[in-house]
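give me a 3D structure for the following:
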Amino acid sequence: MQQENKHIAPKVTLVGAGPGDPDLITLKGIKAIREADVILYDALVNEELLSYAKPSCTLIYVGKRAERISTSQDYINKLLVDYALTHGHVVRLKGGDPFVFGRGGEEIDYVRQFDIPTAVIPGISSSLGLTGLQQIPLTYRGISESFWVITGSTSDGRLSDDLQSAVHTRATVVVLMGYAKLAQIVDFYQQHGKGQLPIALIQNGSLPNERIALGRIDNILEEAERNLVGVPAIIVLGDVVAKHQAFENIKKELQSLTV
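Numbers count the residues shown, from 1 in each chain. Now for the predicted structure:
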């Protein structure tokens with residue numbers, strides 16, 4: 001661990017960069033980027049945001065992707081402390097919101113052990129932002145009284161146990177980091193008689209290369225293939241998905257097939 005420079009005021013700020021579109025970061029987030037001496041940024045951060053950094057700022061990529069070689073969390077934690085002690089203000093720039101499956105809580109806990117001041121600037125989570133951009137309401141009177149945000153898989157690669165509870169609820173369920181287990185999720189919902197439940201897949205949401213697949217549990221695998229949807233993508237399950245403007249067309253197509 002580096003020794004603190006007495007002329008430097010160490011600080012670590014976690015900043016949520018939002019779901020992808022650089023316009024969806026907060027003004028406070030941009031201000032933190034401009035003030036940063038070091039920025040550690042993730043794979044899902046739009047690199048256009050780095051243009052706000054001052055010329056002397058040190059930019060360090062610490063991307064984490066489930067299916068690719070990535071920087072370990074322990075190493076990232078140590079970098080936060082080392083650079084804070086030697087450079088000053090470190091901004092940890094994370095896609096979405098730092099505290100929604102962003103491991104921001106773990107990073108804050110580690111940094112606090114060294115008596116380094118910390119701050120958090122929330123970001124728009126993909127669970128909220130991407131559904132909103134698609135005009136899919138997470139709650140809707142008479143349809144869904146709440147929404148759940150669940151990780152697709154646990155740290156050991158298993159399907160999240162929370163899905164066992166979620167399949168029984170009328171709440172909207174948003175699954176993050178779960179696209180690789182889509183077939184398992186579909187099978188699980190079918191086993192519980194939910195084959196007709198509306199579902200949406202949103203890949204690269206808010207960006208020019210966004211792709212979306214709409215359907216029901218029983219046909220979403222085919223729709224995903226037809227629309228060339230892949231990672232990174234979020235999964236939205238619930239009757240509110242039928243509020244998407246294009247879902248009416250899907251219903252008409254299905255009706256024509258049954259005639």
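
every contact and neighbour count from this point should use C-alpha atoms.
Fine.

can you pull out the strands in the stretch 51-200 of the chain?
58-61, 89-94, 118-121, 147-151, 172-176, 198-203 (DSSP state E, counting those that start in this stretch).

sheet-wise, list the partners of the last one with their directions.
What that stands for is strand 198-203. Here strand 198-203 has these sheet partners by DSSP bridges: strand 211-216 (antiparallel), strand 233-237 (antiparallel).

from the strands of the stretch 51-200 of the chain, which stretch is densest packed?
Of all the strands of the stretch 51-200 of the chain, strand 89-94 carries the top mean neighbour count, a mean of 28, counting by mean count of other Cα atoms under 10 Å.

dump the strands paired with strand 198-203 to a markdown table, plus mean neighbour count and mean pLDDT.
Converted to a markdown table, these look like this (neighbours: other Cα atoms under 10 Å; pLDDT from 0 to 100):
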| stretch | mean neighbour count | mean pLDDT |
| --- | --- | --- |
| strand 211-216 | 22 | 98 |
| strand 233-237 | 25 | 98 |
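
let's have those in CSV, adding distance to Gly142.
CSV is the format used below for those (distance: least, Cα to Cα, whole Å):
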stretch, distance to Gly142
strand 211-216, 20
strand 233-237, 16
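
out of those strands, nearest to Leu50?
For these, the distance to Leu50 is smallest for strand 233-237, at 23.4 Å, taking Cα to Cα.

how long is stretch 215-233 end to end?
Counting by Cα to Cα, to the nearest Å, you get 15 Å between the two ends of stretch 215-233.

how many residues are close by Ser146?
14 (other Cα atoms under 10 Å).

show me where pLDDT drops low in the stretch 101-250 of the chain?
Residue ranges of the stretch 101-250 of the chain with pLDDT under 70: 250.

rewinding a little: which of the strands paired with strand 198-203 sits closest to Ala53?
strand 233-237 (28.4 Å).

the longest helix seen in the chain to strand 89-94, inter-axis angle?
Assignment by DSSP state H gives helix 73-87 as the longest helix of the chain. Counting by axes from the mean of the first three to the mean of the last three Cα atoms, to 10 degrees, helix 73-87 points 150 degrees away from the direction of strand 89-94.

partner residues bridging Lys11?
Going by DSSP bridges, Lys11 forms beta bridges with His89.

Val90 is in contact with that one, correct?
Yes. Contact criterion Cα atoms under 8 Å: Lys11 and Val90 qualify, at 6.1 Å.

intersection of neighbour lists for the two?
Ala84 (Cα atoms under 8 Å, 6 or more residues apart in numbering).

surely Asp21 touches Ser206?
Yes. Between Asp21 and Ser206 there is a contact under Cα under 8 Å: 5.4 Å.

looking at these two, which one has more neighbours?
Neighbour count, other Cα under 10 Å: between Asp21 and Ser206, Ser206 has more, with 22 against 17.

checking that one next. Helix, strand or coil?
coil (DSSP: H, G, I helix; E, B strand; the rest coil).

pull the contacting residues for it.
Counted by Cα under 8 Å, 6+ apart, Ser206 has contacts 19-21, 130, 133.

swap the cut-off to 10 Å and go again
Contacts for Ser206 (Cα atoms under 10 Å, 6 or more residues apart in numbering) come out as 18-24, 126, 129-131, 133-134.

what's the ChimeraX syntax to select whichever of those residues are buried?
A single ChimeraX command selects the buried members of the contacts of Ser206 (16 or more other Cα atoms under 10 Å):
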select :18,19,20,21,22,24,126,129,130,131,134
